[in-house]
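1. A predicted structure for the sequence below; I have some questions about it.
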Amino acid sequence: MDKNQSRLRRARKTRAKIAELKVVRLSVHRTNSHMYAQIIDATGGNVLASANTLEAGLRAEVKNGGSVAGATAVGKLIAERAKAAGIESVAFDRSGFQYHGRVKALADAAREAGLAF
């Protein structure tokens, strides 16, 4: 089993548990160059809010989208958009990535901005 298959296996287990609880989830995806975050409703069918380092506002603010600073900016932005959509708490779906580095920075920034996990 390679790294990507292991990550997807971990993601499947996490998403199954979140689906069982029927809660809104904050899904995170990271690449070498960028960070992406989406808030998905309890049914898993609709994206309620999204943010990523490719957006013009964040590109001007952060030089490198694949850095901890970029992840922190995405975390703050997704929390603001969630508040605007009326969402107070979410389940954190790290998509099988380790809770470390950029994934942790995004989660911490969202939590500090007022989004409950």
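-> Received, thanks.
2. so how far is Glu55 from the closest residue to Ile40 other than its chain neighbours?
-> Nearest residue to Ile40 in three dimensions, chain neighbours excluded: Arg25, at 5.3 Å (CB to CB, 6 or more residues apart in numbering). Using the backbone N, CA and C atoms, a C-beta is placed for each residue, glycine as well. Distance, Arg25 to Glu55, using CB to CB, to the nearest Å: 21 Å.
3. So between those two, which is more surrounded?
-> Between Arg25 and Glu55, Arg25 has the larger neighbour count (other CB atoms under 10 Å), namely 20 against 15.
4. does the more buried one have beta-bridge partners, and which?
-> Counting by DSSP bridges, Arg25 forms beta bridges with Ile40, Ala91.
5. How about the helix or strand bottoming out on mean pLDDT in the chain, which residues are buried there?
-> Of all the helices and strands that make up the chain, helix 56-61 has the lowest average by mean pLDDT, DSSP states H and E, namely a mean of 91. In terms of neighbour count (16 or more other CB atoms under 10 Å), helix 56-61 has its buried residues at Leu58.
6. which residues touch it?
-> 51-53, 65, 70, 73-74, 77 (CB atoms under 8 Å, 6 or more residues apart in numbering).
7. what residue ranges in the protein are flagged as low confidence?
-> The chain contains no residues with pLDDT under 70.
8. Let's see that with 80 instead.
-> In the prediction, the chain carries residues with pLDDT under 80 at positions 1.
9. what's the residue closest to the geometric middle of the protein?
-> In the chain, the residue lying closest to the centroid (CA atoms, centre = their mean) is Val28, at 3.0 Å.
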